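Asker: after the sequence you'll find the predicted model.
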Amino acid sequence: IADQLPTIKRLDLTVEVPEALRDEDAVGEFGIACVKSLLKIRGVEELTFELRFAPLCRPGRHYFKRVVEQTHRNTIGGIDGREYDISWGRDEKLILKQRDT
């Protein structure tokens with residue numbers, strides 16, 4: 001029955017970071033956990049993901065560092081062997097596009 005459900009081809013998402021996650025390493029881990037969960041959605045070909053913080057607070061290099069450490073630098077794996085290319089957009093948005101198979 002799952003194959004009869006509609007799929008989401010493109011997802012543009014902003015997540016507000018909980019106040020409790022002010023630690024820079026925790027923010028990076030939180031962001032990676034969100035992305036890995038979102039890549040489980042069937043049919044996603046492109047994902048734009050942004051972490052939003054309290055005013056004047058940005059994840060900066062700590063989030064970027066976690067992405068690099070926990071991926072293959074410029075790709076990340078999804079389910080069913082899908083691979084996504086990683087790039088960065090304006091305002092430190094993480095952009096993942098499914099690679100051609």
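Answerer: Yep, it's here. Residues are numbered from 1 along each chain as shown.
Asker: residue contacts, Glu50?
Answerer: Counting by CB atoms under 8 Å, 6 or more residues apart in numbering, Glu50 makes contact with Leu13, Thr14, Val15, Asp91, Glu92, Lys93, Leu94. Just so you know, the C-beta spots here come from the backbone N, C-alpha and C atoms, and that holds for glycine as well.
Asker: which residue comes closest to the last one once chain neighbours are left out?
Answerer: Distances taken as CB to CB, 6 or more residues apart in numbering place Phe49 nearest to Leu94, at 4.6 Å, with adjacent residues excluded.
Asker: please apply the same query to the first one.
Answerer: Leaving out its chain neighbours, the residue that sits closest to Leu13 by CB to CB, 6+ apart is Phe49, at 5.5 Å.
Asker: equivalent analysis for the fourth one, please.
Answerer: The shortest distance from Asp91 to any residue other than its chain neighbours is 6.5 Å, reached at Glu50 (CB to CB, 6+ apart).
Asker: that neighbour pairs with what?
Answerer: Thr14 (DSSP bridges).
Asker: tell me what the worst-scoring helix or strand of the chain on mean pLDDT is packed against?
Answerer: Ranked by mean pLDDT, DSSP states H and E, the helix or strand of the chain with the weakest confidence is helix 60-69, at a mean of 70. With contacts taken as 3 or more CB pairs under 8 Å, 6 or more residues apart in numbering; DSSP states H and E, helix 60-69 sits against helix 24-38.
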